[in-house]
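S.K.: Provided below are the primary sequence and the corresponding predicted coordinates.
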Amino acid sequence: MADFVGAVDQGTTSTRFMVFDHGGNDVGRHQLEHQQILPRPGWVEHNPVEIWERTQTVIQTVLYEHRLTVTDLAALGITNQRETTVVWNRRTGRPYHNAIVWQDTRTDRIASALERSGRGDIIRRKAGLPPATYFSAGKIQWILDNVDGVREAAERGEAVFGNTDTWLLWNLTGGTDGGVHVTDPTNASRTMLMNLDTLDWDDELLSFFDIPRAMLPRIRPSSDPDSYGATTARGPFTGSVPLTADLGDQQAATVGQVCFAPGEAKNTYGTGNFMLLNTGTEIVRSQAGLLTTVCYQFSDQAPVYALEGSIAVTGSAVQWLRDQLKIINTAGQSEILARQVPDNGGVYFVPAFSGLFAPYWRSDARGAIVGLSRFNTDAHIARATLESICYQSRDVAEAMAKDSGVPLECLKVDGGVTDNDLCMQLQADILGVPVSRPVVAETTALGAAYAAGLAVGFWRSTDELRENWNESHRWQPTWPSEQRQAEYERWKQAVQRTLNWVDVD
C-alpha cells in the first residue's frame, strides 16, 4: 500500500500542496500566493486560471523535491476557500469572469432585497444562512446578469458554476476532456442554494436568484472512494491518483482538529476567522447570529452538522498593515511591533472592510480605528490589529454559548496566525479560557488528507485519527476578570462606530 496521502489546500491568498504520512506528520509542502484583484472598493477577485496554474506548480514541486510518484500516494483530498464563485465554459475551459471572492460585497443590494421581500426567512430555514454578500448564490446571479452571454450559455448548458474545489476537481480529472463536475455538502451548504435536510439543490432557492439548475455540480459525500474520479496526466500528476475527498476549508480544519463529537469546537485563524461547533446529526438553527452548516459527510453515513461563526477579516488585517499601510514588511513583524507597547493605548481597530459577518451580519459596516490621540504610534495600531482578531473571536464564542448552552472551556486553534504567540496570549486573555494549538497547525490540509485516507482505508477510523492529535502549546489567561470585561465593553463600543456607514438599500 502507498505510504502517503496528499492534500491540495486552495486558500484565499495562496495554494499549498501537502503530503502526510500515517501518523499525520507533514512530510512535504509547497505554497504559492496568487494575486488579489481589487477593481473597486468592496470588490475582491481572483484569476481562476492563475489558481489552477499555482495548483499544478505546488504539486509538481513537492513531488519533485521529495522524489514522489503517483504510486506513493494512496489518495488525494481537496480543501478550498468556500463561497468564492467561478463560472466557466465546459467546452473551452475558460472562465467567463474572474472568480468573485467570498469577501466581495458587490451583491449587497441583492442580499438586502431578499431580506426586504421576506425571502430571507426561507433561506434561513432551508439553507441555514442569512441573505448576505458572503455566499455564492448572489455572486452567480451577478455574473449571469452582468457578463455578456453568460445567461444564454447557462441556458444552453455550456456555462457551469463551481467554488474553487469544483474548478480544481474538474481540471484535475481532465477538464474539457471528461472533467468531473462535482462538489460536496460542506461547500454546497455555503451557496444559499442547498437544502440542509435533503442535501440537494432546492428549486425554490434557485428561483430566488434565477439560476439554472444545470449550471450546478452534483453533490457527493465529502469522503468517498467513488465520488470524485482520479487525476489524469493532463495536469500536474503523471498518472492516476484517486480523488476521494472534498471539504470546505473550515470543515476540513474541524476534521483535522478531530472534532468528531458533538460539542467539540475549533477556531481557524487565516484570512478570516472561522469557529465551528460540531452539533452531530442534529440541525441546530441559530438564534444568535451564527450559521448552520454541514460539518462533513463520510461515505454513506448520515451528515454531521455544525454551528459556525464566520469573521471576514482577521489575518488579512495584518496583511493590510503590510501591504497598504506598510508599517511592517512581513506578517511576523506585527508581533515584534505590537510588543513594543504594554497595551493598546486606548486604540481599537474594527477591520470591517467587507462589512461585519457573525454575529452581526451588517453589510453596511466599514472599518474604523477609534480612540486615537497624539500619544499613539504604529505599535499601538499593530497591537489593536492583533486584539481585533481576538475580540471578533470572542463575539462568536459568546453567540455560540447562547445557541448551544455550553460555555467554552478550552479553544482549539489552528492556522497561520497561531504562530503569533502574542496574539494567542491575547486570545486567552480576552476569552478567559485556555487556548490550545496542535503540533500540526495547518489542520485544513490535514483534514482533507484525513478524509481522503479514510475513504480508501489508509486510516481505519476516526478513533485512529484522534490518536494522531498532539498539543504543541497552551496559553493560559492572565487578565483579571474586571479588565477582561472592561476592555470587551470598549470593543463593543468601537463596533457600534462602524455601523450605518454604507447605504445598502
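M.R.: Ah, there it is. Quick caveat, the model's predicted, so the values are computed rather than measured. Numbers count the residues shown, from 1 in each chain.
S.K.: which phi and psi does M424 have?
M.R.: Backbone geometry at M424, expressed as degrees, to the nearest 10, gives phi -70, psi -30.
S.K.: just checking, it touches T418?
M.R.: Yes. Applying C-beta atoms under 8 Å, one finds M424 in contact with T418, separated by 5.9 Å. All C-beta atoms are positioned from the backbone trio N, CA, C, and that covers glycine.
S.K.: how many neighbours does the nearest residue to R119 once chain neighbours are set aside have?
M.R.: Once flanking residues are discounted, R119 sits nearest to F208: 5.4 Å by C-beta to C-beta, 6 or more residues apart in numbering. Other residues near F208 come to 22 when the count uses other C-beta atoms under 10 Å.
S.K.: same check on the one 10 residues further on?
M.R.: Close neighbours of R218, defined as other C-beta under 10 Å, add up to 14.
S.K.: double-check it against N187; I have them as touching.
M.R.: No. Contact between R218 and N187 fails when scored by C-beta under 8 Å: they sit 12.0 Å apart.
S.K.: joint contacts of M424 and T418?
M.R.: Overlap of the contact sets of M424 and T418 (by C-beta atoms under 8 Å, 6 or more residues apart in numbering) consists of R437.
S.K.: enumerate the positions of stretch 458-477 that are buried.
M.R.: Taking 16 or more other C-beta atoms under 10 Å as the basis for neighbour counts, the residues of stretch 458-477 that come out buried are F458, W459, L465, N468, W469, W475, P477.
S.K.: tell me which element the third one is part of?
M.R.: When secondary structure is defined by DSSP states H and E, L465 falls within helix 462-468.
S.K.: mind checking how far the helix of greatest length in the chain is from the chain centre?
M.R.: The single longest helix within the chain, with elements called by DSSP state H, is helix 378-404. Relative to its chain's centre, helix 378-404 lies at 17 Å (C-alpha atoms, centre = their mean, to the nearest Å).
S.K.: just checking, next helix/strand downstream of that helix?
M.R.: The element immediately downstream of helix 378-404 (helix or strand, assigned by DSSP H and E) is strand 411-414.
S.K.: quick one: strands adjacent to that following strand?
M.R.: strand 265-269 (parallel), strand 435-438 (parallel) (DSSP bridges).
S.K.: how about the backbone phi and psi for G120?
M.R.: Main-chain torsions, G120, degrees, to the nearest 10: phi -60, psi -40.
S.K.: and it, how close does it get to A132?
M.R.: Distance of G120 to A132, computed by C-beta to C-beta, to the nearest Å: 9 Å.
S.K.: which of these two has more neighbours?
M.R.: Each of G120 and A132 had its neighbours counted (other C-beta under 10 Å), and the higher figure belongs to A132 (27 against 20).
S.K.: all strands of the stretch 51-200 of the chain, in order?
M.R.: Chain-ordered strands for the stretch 51-200 of the chain, with DSSP state E, counting those that start in this stretch as the definition, fall at 73-80, 86-89, 99-100, 159-162, 182-183, 194-195, 200-201.
S.K.: in stretch 91-104, which residues are buried?
M.R.: With the criterion 16+ other C-beta under 10 Å, stretch 91-104 contains buried residues G93, P95, Y96, H97, N98, A99, I100, V101, W102, Q103, D104.
S.K.: point out the least confident one among those residues.
M.R.: When those are compared on pLDDT, Q103 comes out least confident, at 89.
S.K.: list the contacts for that one?
M.R.: The contact partners of Q103, taken as C-beta under 8 Å, 6+ apart, are T12, V44, T271, G272, A312, V313, S316, F353, S354.
S.K.: check the gap between A317 and R339 for me.
M.R.: A317 is 17 Å from R339, where distance means C-beta to C-beta.
S.K.: higher neighbour count, those two?
M.R.: Per other C-beta under 10 Å, whichever of A317 and R339 has more neighbours is A317, with 24 against 14.
S.K.: secondary structure element holding the more buried one?
M.R.: In this structure, A317 sits in helix 315-320 according to DSSP H and E.
S.K.: tell me the buried residues in the helix or strand just after that helix?
M.R.: Read in the C-terminal direction, the helix or strand following helix 315-320 is helix 333-338, with elements assigned using DSSP H and E. Buried residues in helix 333-338, counted by 16+ other C-beta under 10 Å: S334, E335, L337, A338.
S.K.: for Q250, which non-adjacent residue is spatially closest?
M.R.: Counting by C-beta to C-beta, 6+ apart, F274 is the residue found nearest to Q250 once chain neighbours are left out, at 4.0 Å.
S.K.: a helix runs through the one you found, doesn't it?
M.R.: No. Membership of F274 in a helix is not supported by DSSP: H, G, I helix; E, B strand; the rest coil, which gives strand.
S.K.: burial measure for it, as a count.
M.R.: 29.
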